[in-house]
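Trainee: Output the structure for:
(chains A, B and C)
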Amino acid sequence: MSDLLYLFIGFSAVWLGIFGYLVYVTGRVRSVRDELHDLRGQLDTPQAGREA
Amino acid sequence: MVRLGQRNVLRGLSLALAPGERLAVVGPNGAGKTTLIRALAGLIRPRRGHVSLRGSRGPDEPAARAGLGFLGHRPSLYPHLSARENLAFAARLHGTTDAARIEAALEVVGLAADANRLVRDYSRGMQQRLGLALALLPEPDVVLLDEPDASLDAAGVDDLPVMIDALAPRAAVLFSTHDERVAEALGARVVRLAAGRLTEDPREAPAPKPPPLQALPLPRPPGFARAVRAMIAKDARVEWRAREQVPTLLMFTLLAAVVFDMAFIAALGSEVAAVAVGVLWISVLLAATLAGTRLFTTEFERGTLDGLLVAPVDPSGIYLAKFALLAIETAFVGVAQLIFLSLLLNVSLFQASTIGAVLLAAAAISAILALQSSLVVNARAREMLMPLLAIPPAVPVLLAGVGITLGALEVTPAGQQGAWFGLLAVVAVVFLTLGTVLYPQAARA
Amino acid sequence: MRQAQTTELPRPRRLAALREPANAVLYAALLLSMGLALFMAFVFAPAERVQAEIYRLLFVHVPSAWLAFAAFGVVAVGSVMFLVRGKSRWDRLAHASAEIGVLFTTLCLVTGSIWGRSVWGVWWQWDPRLTTTLIMWFIYVSYLALRSYIDDPNARQRMSSVVGIVGVVSVPIVWFSVEWWRSLHPTPSVTNPGGGMPPEMLTTLLVSVAAFTVFYVVLLRQRMQLELAVAELGSLRERLYERNEESA
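Mentor: I've put the predicted structure just below:
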């Protein structure tokens, strides 16, 4: 009976591991791209905040 | 274009230096002067563009560095060697043993009277003079000096032209400085470097058109084996004077033997042999890791690694010399541990086969560690990183070592010793080959 | 401030990645093959004579191991190409593949451990295959550690390439360990002719390997895009920094 439990744990570990990694990397890609987007916006706008 | 970290330090830069010409690169701190000189000496690989010496090959080729004199931001000096020994070592790397030339260089830079003192007792100004002597020693035809006037007193700055005229009269000299008077005193053409870009001085005549590039004859490069021997001898002499490694490692292994003796002797019956074998190999591995971490980092921290990389020797020679040094130290410590354990735990570990295993294992472990040590020179917290990097590939060595010593103590049947010795030899050969091929790839960032 | 900006500049949409045809095809292939592999592992493949149900871990355990080997092979190729060509692209490939390889090795060790608990009654056995796999895992963890300990990108790429090349020596050692030493671990039954695996099991195993391969490709692409984006971020920050310097 406990064999089925081990089987379940084993498959869950693999699926959670791989999908968790995919979700993590995708999330990182998205946040880095957001930051890129913001920085590009800063570069495109003419220099702000120059008073002197 | 030269890139350092995330920043492009030098951009769109073109320079030509005619034979015998003197060129001063003037610029404020952070302009990129040091980076330029390091790129010209082949210590940094440019992302784009190339450097050619004598119109032919780049400084990444050992033979092309034979006539190159180099003084870096910090002179490449060994504090535990005397001035004369430092110069003699540099001369050997360049393939000469011309004692008269060394004496002449010492005379010209004004250090003849202090030639036998250890460099660690030198003032900063004296070290800089010795660094100049080192750069001008191999009768170079191309000389690169990074702020030669740094930490020299007024008299020393005045002497600069004399030193160069006396030791390298026909050489093309490129140097950096932030003091225009130095450029003037040396009669040099001036270019200005600011934020990684070159601007010609408007007051100067336009740069002479560089002569058509033609390959000039190269000085004869030194023999590879001779250079490796010189490096091993240098390290051995430094260790003899500094006593930084071997005595401490011997104490470490003795301590390991004593501690395990105390901890287990009451509880041990027939397992004493197994414990002795475990202590032997763990202490050999840890001692080698401790010493191995320092192999390249001491050179890197002193700034002497640049001196070795600029010498006209293939960088694989540096790896082989470091390997040999570590193998000797590890073998010494391992054999000592065989004696300690035999005495303290009363096992007969001191036998021909165990000594052979320790010697061969020392070679195999050192082949691994010398390469890993070269990889962590510019890593943070390298002492933490080294064991993680070095121990996994060393596992086969430990397995074989344990196999041979257990056989020798007759814990296990002695039949498989040949196979274990074979494994040790294979690991040593594989990693020596990998290190010889790959170290030159890692040497220049 | 941040709020205001989101209304002005449209942010990349959540599933924008799926609009690229190549990505759409890949993700479709991924879902299909994983679904099929799961179905076959539990329904199509028959129960085993001795081990009954628990043997089905084979269909995730073996593909993880093979993909780990493949990933580390890619690390070595990327490292060699980086040292030869000097293009950061190759280094990005090596880094991404190493991380995924470590993931697959971890999964292989975890499933193996669970399997061992059920069959041998212990979580860990000092067995050549297990031990060498663990050492291989350490080698690539140290590869990733070295990368994170070196700040200068040039040095990081060159130094880690060397480790990436040296490390691949561990792959054949793990592979052949069951043949070189006496081992509890079963010897390969796929590459051996007449290895005794029923055809349904073999088919299921191959489908699982295919599904894991698709997964590897998807992960690799995504991980490399991350590397690329991070590199671009660095150079953009640099440009902003330079512009601020010039205007100062």
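Trainee: Below-threshold pLDDT in chain C: ranges please.
Mentor: Counting by pLDDT under 70, chain C contains low-confidence ranges at C:1-19, C:49-51, C:182-184, C:187-196, C:245-248.
Trainee: repeat for the stretch 101-250 of chain B
Mentor: B:200-222.
Trainee: Write out the residues of it neighbouring chain C.
Mentor: B:A195 (Cβ under 8 Å from any Cβ of the partner chain). C-betas here are computed from N, CA, C, even on glycine.
Trainee: hey, where'd the strands end up in the stretch 101-250 of chain B?
Mentor: Ranges of strands within the stretch 101-250 of chain B are B:142-146, B:172-177, B:189-194, B:197-200, based on DSSP state E, counting those that start in this stretch.
Trainee: Put together JSON lines for these, with distance to B:F350 and mean neighbour count on each row.
Mentor: Listed next are these as JSON lines, based on distance: least, Cβ to Cβ, whole Å; neighbours: other Cβ atoms under 10 Å in any protein chain shown:
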{"stretch": "strand B:142-146", "distance to B:F350": "53", "mean neighbour count": "25"}
{"stretch": "strand B:172-177", "distance to B:F350": "58", "mean neighbour count": "24"}
{"stretch": "strand B:189-194", "distance to B:F350": "63", "mean neighbour count": "18"}
{"stretch": "strand B:197-200", "distance to B:F350": "67", "mean neighbour count": "14"}
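Trainee: Dump these into a markdown table; add distance to C:W124 as well.
Mentor: A markdown table is the format used below for the strands of the stretch 101-250 of chain B (distance: least, Cβ to Cβ, whole Å):
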| stretch | distance to C:W124 |
| --- | --- |
| strand B:142-146 | 56 |
| strand B:172-177 | 60 |
| strand B:189-194 | 61 |
| strand B:197-200 | 61 |
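Trainee: Looking at those, which is nearest to B:L250?
Mentor: Among these, strand B:142-146 comes nearest to B:L250, with 40.3 Å by Cβ to Cβ.
Trainee: looking at the strands of the stretch 101-250 of chain B, which is closest to C:R158?
Mentor: Of all the strands of the stretch 101-250 of chain B, strand B:142-146 comes closest under Cβ to Cβ, at 22.9 Å.
Trainee: Send over the closest one as CSV, restricted to the C-alpha atoms.
Mentor: The C-alpha coordinates for strand B:142-146 follow below in CSV (Å, rounded to 0.1, in the frame of the first residue of the first chain):
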residue,chain,number,x,y,z
VAL,B,142,59.1,47.5,-26.8
VAL,B,143,58.7,48.9,-23.2
LEU,B,144,55.4,49.5,-21.5
LEU,B,145,55.5,51.4,-18.3
ASP,B,146,52.4,52.2,-16.2
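Trainee: Note down every partner strand of that strand and its orientation.
Mentor: strand B:68-71 (parallel), strand B:172-177 (parallel) (DSSP bridges).
Trainee: Need the contact partners of the next helix-or-strand element following the shortest one.
Mentor: The element immediately downstream of strand B:68-71 (helix or strand, assigned by DSSP states H and E) is helix B:83-93. Contacts to helix B:83-93, defined as Cβ atoms under 8 Å, 6 or more residues apart in numbering or on different chains, come from residues B:77-78, B:81, B:97-99, B:101-102, B:105-106, B:111, B:114-117, B:119, B:122, B:130, B:133-134, B:137-138, B:222, B:226-227, B:230-231, B:234, B:237, B:307-308, B:311-313.
Trainee: switch to 7 Å and redo it
Mentor: B:77-78, B:81, B:97-98, B:102, B:105-106, B:111, B:114-117, B:119, B:130, B:133-134, B:137, B:222, B:226-227, B:230, B:234, B:311, B:313 (Cβ atoms under 7 Å, 6 or more residues apart in numbering or on different chains).
Trainee: And stretch B:20-32, by the same measure?
Mentor: B:9-10, B:17, B:33, B:36, B:170, B:172-178, B:180, B:183, B:186-196.
Trainee: For that stretch, buried residues please.
Mentor: Neighbour counts using 16 or more other Cβ atoms under 10 Å in any protein chain shown place B:E21, B:R22, B:L23, B:A24, B:V25, B:V26, B:G27, B:A31, B:G32 of stretch B:20-32 among the buried residues.
Trainee: Can you tell me the SS state at B:A287?
Mentor: helix (DSSP: H, G, I helix; E, B strand; the rest coil).
Trainee: and chain C, which residues reach chain B?
Mentor: C:83, C:135, C:138-139, C:142, C:145-146, C:149-155, C:158-159, C:162-163, C:165-166, C:169, C:234, C:238 (Cβ under 7 Å from any Cβ of the partner chain).
Trainee: List only those of the residues you listed flagged as buried.
Mentor: Among those, the ones that count as buried (16+ other Cβ under 10 Å) are C:83, C:135, C:138-139, C:142, C:145-146, C:149-150, C:152-155, C:158-159, C:162-163, C:165-166, C:169.
Trainee: Which strands and helices lie in contact with the strand or helix carrying B:A276?
Mentor: Taking DSSP H and E as the criterion, the element that holds B:A276 is helix B:272-302. Packed against helix B:272-302 by the contact rule (3 or more Cβ pairs under 7 Å, 6 or more residues apart in numbering or on different chains; DSSP states H and E) you find helix B:246-264, helix B:304-310, helix B:316-345, helix B:352-375, helix B:382-408.
Trainee: State the mean pLDDT of that helix.
Mentor: Averaging pLDDT along helix B:272-302 gives 91.
Trainee: Show me which positions of it end up buried.
Mentor: So for helix B:272-302, counting by 16+ other Cβ under 10 Å, buried means B:272-281, B:283-300, B:302.
Trainee: Pretty sure B:L40 sits against B:V142.
Mentor: No: assessed by Cβ atoms under 7 Å, B:L40 is found out of contact with B:V142, at 8.6 Å.
Trainee: could you check the angle helix B:382-408 makes with the helix holding B:A276?
Mentor: 150 degrees (axes from the mean of the first three to the mean of the last three Cα atoms, to 10 degrees).
Trainee: Provide the count of other residues in contact range of residue 37.
Mentor: Going with chain A. By other Cβ atoms under 10 Å in any protein chain shown, 15 other residues sit near A:H37.
Trainee: Actually, chain C is the one I wanted.
Mentor: Neighbours around C:A37, by other Cβ under 10 Å: 25.
Trainee: Am I right that it sits in a helix?
Mentor: Yes: under three-state DSSP, C:A37 falls within a helix.
Trainee: Near chain C, which residues of chain A are found?
Mentor: Residues of chain A lying near chain C (Cβ under 7 Å from any Cβ): A:3-4, A:6-7, A:9-11, A:13-14, A:17-18, A:21-22, A:25-26, A:28-29, A:32-43, A:47, A:50.
Trainee: Generate a PyMOL selection restricted to the buried entries among those.
Mentor: Here is the PyMOL selection string for the buried members of these, based on 16+ other Cβ under 10 Å:
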select buried, chain A and resi 3+6+7+9+10+11+13+14+17+18+21+22+25+26+28+29+32+33+36+38+39
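Trainee: Among the residues of chain A next to chain C, which ones are in helices?
Mentor: A:3-4, A:6-7, A:9-11, A:13-14, A:17-18, A:21-22, A:25-26, A:28-29, A:32-43 (DSSP state H).
Trainee: quick one, phi psi at the residue lying closest to B:G69 once chain neighbours are set aside?
Mentor: Of all residues beyond its chain neighbours, the one nearest B:G69 is B:P140 (3.4 Å), with distances taken as Cβ to Cβ, 6 or more residues apart in numbering or on different chains. Per-residue torsions, B:P140: phi -70, psi 150 (degrees, to the nearest 10).
Trainee: Tell me the pLDDT of residue 40.
Mentor: Reading this off chain A. 84.
Trainee: that's the wrong chain, I meant chain B
Mentor: The model's pLDDT for B:L40 equals 88.
Trainee: What is the burial count for it?
Mentor: 22.
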